[in-house]
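**Q** Sequence and predicted model, in that order:
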Amino acid sequence: MSQEPRIRVYYNSACPVCDAGIAAQKKRATYCGIEFEDVHLDNAKVTELNTDLAAVRERLHVIDTEGNLRVGFEAFIAIWENSPSEQWKARVSKVAGLRWLLNQVYKVFARCLYLWNRALKHW
């Protein structure tokens, strides 16, 4: 019996906002093919992404079921696509103009959150 492809979510638990979001996602994803990788607890995990630790601390990263790297808001879409109760979010988020807008909002929010975490010396 073959196992369904799983996605891998790379996140930073040192950020309280990110950690809370992933904790909530883990509760919803207990039945989904999602693996969670905490780069704060294991900094070496970023080598799997061919990027640096700061990039993963700033933005969510996902390796999707096809092996593609998806970063930022696109990573959320990948998670939602693999969470049966949240697939509707992925469909809505893919509307062309809305997708562009949500990507831009995420970039600004993620940058501000990253700078806030650095200022508070969360890492």
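**A** Now that the structure is in, tell me what you want to look at.

**Q** residue ranges for the helices of this structure, please.
**A** Assigned by DSSP state H, the chain shows helices spanning 16-28, 53-58, 73-81, 87-93, 96-119.

**Q** Which other helices and strands does the longest one contact?
**A** By that I understand helix 96-119. Packed against helix 96-119 by the contact rule (3 or more C-beta pairs under 8 Å, 6 or more residues apart in numbering; DSSP states H and E) you find helix 53-58, helix 73-81, helix 87-93. Yep, even glycine has a C-beta here, placed from its N, CA and C like the rest.

**Q** Could you identify which of these is most buried?
**A** helix 73-81 (a mean of 22; mean count of other C-beta atoms under 10 Å).

**Q** what comes into contact with the helix or strand bottoming out on mean pLDDT in the chain?
**A** Least confident element among the helices and strands of the chain, by mean pLDDT, DSSP states H and E: helix 16-28 (a mean of 91). The contact list for helix 16-28 (C-beta atoms under 8 Å, 6 or more residues apart in numbering) reads 9, 11-13, 34, 36, 60, 79, 83, 85-86, 113, 122.

**Q** dump the residue contacts of residue 81.
**A** Counted by C-beta under 8 Å, 6+ apart, residue 81 has contacts 64, 87, 90.

**Q** hmm, try it at 7 Å
**A** 87, 90 (C-beta atoms under 7 Å, 6 or more residues apart in numbering).
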